[in-house]
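J.: Please find the sequence and the predicted model below.
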Amino acid sequence: MIGIVYYNMGNLASVKNAFNKLNVKAEVVTDADKLKNYDKLFLPGVGAFGDAMEHLREYNLDEAIKEYIKSGKYVFGVCLGMQLLFEKSYEFGEHKGLGIIEGEVVRFDKAKIGEHKIPQMGWNKVFNKKSKIFEGLDNPYLYFVHSYHTVCDEKYVIGKTIYGYEFVSAVNKDNVFGLQPHPEKSHNEGLKILENFVKL
Amino acid sequence: MDYFAKRIIPCLDVKDGRVVKGVNFVGLKDAGDPIEAAIRYNEEGADELTFLDITASYEERKPIVDIVKEVAKEVFIPLTVGGGIHSLKNIYDLLNVGCDKVSINSAAVKRPEFINEASKRFGSSTIVVAIDVKKIAPNKWNVFIKGGREDTGLDAIKWAKEVVDRGAGEILLTSMDTDGTKNGFDIEITEIISSLVPVPVIASGGAGEVEHFKEAFLHKADAALAASIFHFREIDIMDLKKYLKNEGISVRL
């Protein structure tokens, strides 16, 4: 059973639908004490960074997620869920993240994206390195909606995307994976990524 | 090389729970079934789907929520719903079943604060504002509502800027002059507005040939929407995308 961590009012129907389509049991988890009961955790991509962290702290979910990761079980964060894994974000001020992966979350540099708009809303290629999460995929087109992106050491990077300039769109550190685009909205390629996560 | 793709968005006009404008898909059991039509477009390479609810009365809007709920179980690309959305409750009900964005039109004109409220509550990237425009003089477009029947007197360019300032994350720009003509999008106003606002602009109204899509994208449209040419299979989405790629336009293939 996969636990989808709830951190605010966000809509999780698409994520649940995607796991259902793969015939995988997944449910929304709100209680920090119950995290350990799940085989894997999914951190969805809804809401703003500051609000989400505030919610996680208020319900002790931040510490519970860190404990869960220490136990060695797999965690997958997408979009905001990926960004929360980092040390800090500059979205609407400066906010501390879970600090699982060293690095930070910054706004797209307007001066460097050329004619592109913010947010990046649409399909773009993820140039992926070899990783279990990308098994069977070769630089897939995936669906993005974001104004901020992560910056981190190359050793954690398993995918990059170009939006005026190159940025980090997928990361992996031990049992933790992060993906900036939304696999649950990225057609067959996105479902394949979720399936790969389920199979880990 | 930048691979960020221009989006092709088929629009399904839904009335009382059925697709109208006569979907003409070969092989569909029921040509008017919006769920089957959505699945088909998804398979053919649509980048997103828009459902336009043209049901006349507010009381009969439940079908669109049920349709989105069913489509979202099978189709894993972004889904937008427009038509008759006038409250936060309407938006919540749709997002809660797997809709990704809603498109607000006349409710935004009647009460512009609604855009602020909706984007604050659900996030800007969830709120599309649909703007129907008609050219009333050289270099002058006004915003129309009620399917182009009523001139609001609002200047389209000023209104586009305002809706973005109020929190719209995307603009669906439909030209009442070109809509239904199959003579091409109104690239003039598309380019003006797209150059002016920092959010994506979807060109709509007038698509008849593959060249029209190329034109729209070369004039700064971020996405292009069409209904009947896809309904009647005058243009195959995959053929269109292959054509665009050959013409040097970045698309998801």
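T.: Great, that's in hand.

J.: Briefly note if the helix or strand of chain A with the lowest mean pLDDT comes near chain B.
T.: Ranked by mean pLDDT, DSSP states H and E, the weakest helix or strand in chain A is helix A:49-58, scoring a mean of 92. No: Helix A:49-58 lies apart from chain B when judged by C-beta under 8 Å from any C-beta of the partner chain; the minimum separation is 10.5 Å. Where you see a C-beta, it was placed from the backbone N, CA and C, and this is true even at glycine.

J.: So which residues make contact with that helix?
T.: For helix A:49-58, the external contacting residues (C-beta atoms under 8 Å, 6 or more residues apart in numbering or on different chains) are A:5, A:7-8, A:61-62, A:65, A:80, A:83-84, A:89, A:91-93, A:95-98, A:105, A:148.

J.: Tell me the helix or strand right after it.
T.: Where DSSP states H and E defines the elements, the next helix or strand beyond helix A:49-58 is helix A:61-70.

J.: outside of that next one, which residues touch it?
T.: For helix A:61-70, using C-beta under 8 Å, 6+ apart, the contacting residues are A:5, A:7, A:32-33, A:35-36, A:41, A:43, A:53, A:55-56, A:75, A:98, A:100, A:175-176.

J.: Just the buried subset of these, please.
T.: Neighbour-count burial (16 or more other C-beta atoms under 10 Å in any protein chain shown) is assigned, among the contacts of helix A:61-70, to A:5, A:7, A:32, A:35, A:41, A:43, A:53, A:55-56, A:75, A:98, A:100, A:175-176.

J.: buried ones in the biggest helix by length in chain A?
T.: Identified as the longest helix of chain A according to DSSP state H is helix A:187-199. Applying a neighbour-count criterion of 16+ other C-beta under 10 Å, one finds A:187, A:189-198 buried in helix A:187-199.

J.: Those residues: which two are farthest apart?
T.: A:H187 and A:V198 (17.4 Å; C-beta to C-beta).

J.: the helices in the stretch 151-253 of chain B, which residues?
T.: Assigned by DSSP state H, counting those that start in this stretch, the helices in the stretch 151-253 of chain B fall at B:156-165, B:187-196, B:210-218, B:228-231, B:237-246.

J.: Can you tell me which of the ones you listed has the worst average pLDDT?
T.: When the helices of the stretch 151-253 of chain B are ranked by mean pLDDT, helix B:228-231 comes last with a mean of 87.

J.: Not counting the longest helix seen in chain B itself, show me its contacts.
T.: With secondary structure taken from DSSP H, chain B has its longest helix at helix B:62-74. Contacts to helix B:62-74, defined as C-beta under 8 Å, 6+ apart, come from residues A:13-14, A:17, A:20-21, B:14, B:16-17, B:34-35, B:38-39, B:42, B:49, B:51, B:53, B:55, B:79, B:81, B:83, B:93-94, B:97-99.

J.: hang on, the earlier thing: with respect to A:E115, which of the helices of the stretch 151-253 of chain B lies nearest?
T.: Closest approach to A:E115 among those (C-beta to C-beta): helix B:187-196, 9.1 Å.

J.: The closest one near chain A at all?
T.: No: contact of helix B:187-196 with chain A (C-beta under 8 Å from any C-beta) is absent, the minimum separation being 8.8 Å.

J.: Kindly format the C-alpha coordinates of that helix as PDB.
T.: Output of helix B:187-196 as PDB, limited to C-alpha atoms (Å, rounded to 0.1, in the frame of the first residue of the first chain):
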ATOM      1  CA  ILE B 187      -3.000  36.100 -35.100                       C
ATOM      2  CA  GLU B 188      -3.000  39.800 -34.800                       C
ATOM      3  CA  ILE B 189      -4.700  40.000 -31.400                       C
ATOM      4  CA  THR B 190      -3.100  36.700 -30.300                       C
ATOM      5  CA  GLU B 191       0.400  38.200 -30.800                       C
ATOM      6  CA  ILE B 192      -0.400  41.500 -29.100                       C
ATOM      7  CA  ILE B 193      -1.800  39.900 -26.000                       C
ATOM      8  CA  SER B 194       0.700  37.100 -25.800                       C
ATOM      9  CA  SER B 195       3.600  39.600 -26.100                       C
ATOM     10  CA  LEU B 196       2.000  41.700 -23.300                       C
END
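
J.: That helix vs helix B:156-165, what angle?
T.: 40 degrees (axes from the mean of the first three to the mean of the last three C-alpha atoms, to 10 degrees).

J.: how much does helix B:187-196 deviate in direction from helix B:210-218?
T.: Counting by the same axes, to 10 degrees, helix B:187-196 lies at 30 degrees to helix B:210-218.

J.: I would like the residues contacting helix B:187-196, please.
T.: Helix B:187-196 is contacted from outside by B:133, B:135, B:141, B:156-157, B:160-161, B:171, B:173, B:175, B:201, B:203, B:215-216, B:219-222, using C-beta under 8 Å, 6+ apart.

J.: Give me the buried entries from these.
T.: B:133, B:135, B:141, B:156-157, B:160, B:171, B:173, B:175, B:201, B:203, B:215-216, B:219-222.

J.: Longest strand in the chain, please.
T.: With no chain named, the answer covers chain A. strand A:165-173 (DSSP state E).

J.: Sorry, I should have been clearer: chain B.
T.: For chain B, the longest strand by residue count, based on DSSP E, is strand B:127-137.

J.: For the helix or strand following that one, name the packing helices and strands.
T.: Scanning forward in sequence from strand B:127-137 by DSSP H and E, the next helix or strand is strand B:140-145. Where contact means 3 or more C-beta pairs under 8 Å, 6 or more residues apart in numbering or on different chains; DSSP states H and E, strand B:140-145 is packed against helix B:106-110, strand B:127-137, strand B:150-155, helix B:156-165.

J.: show me where pLDDT drops low in chain B?
T.: The model of chain B has pLDDT under 70 over residues B:21-31, B:56-61.
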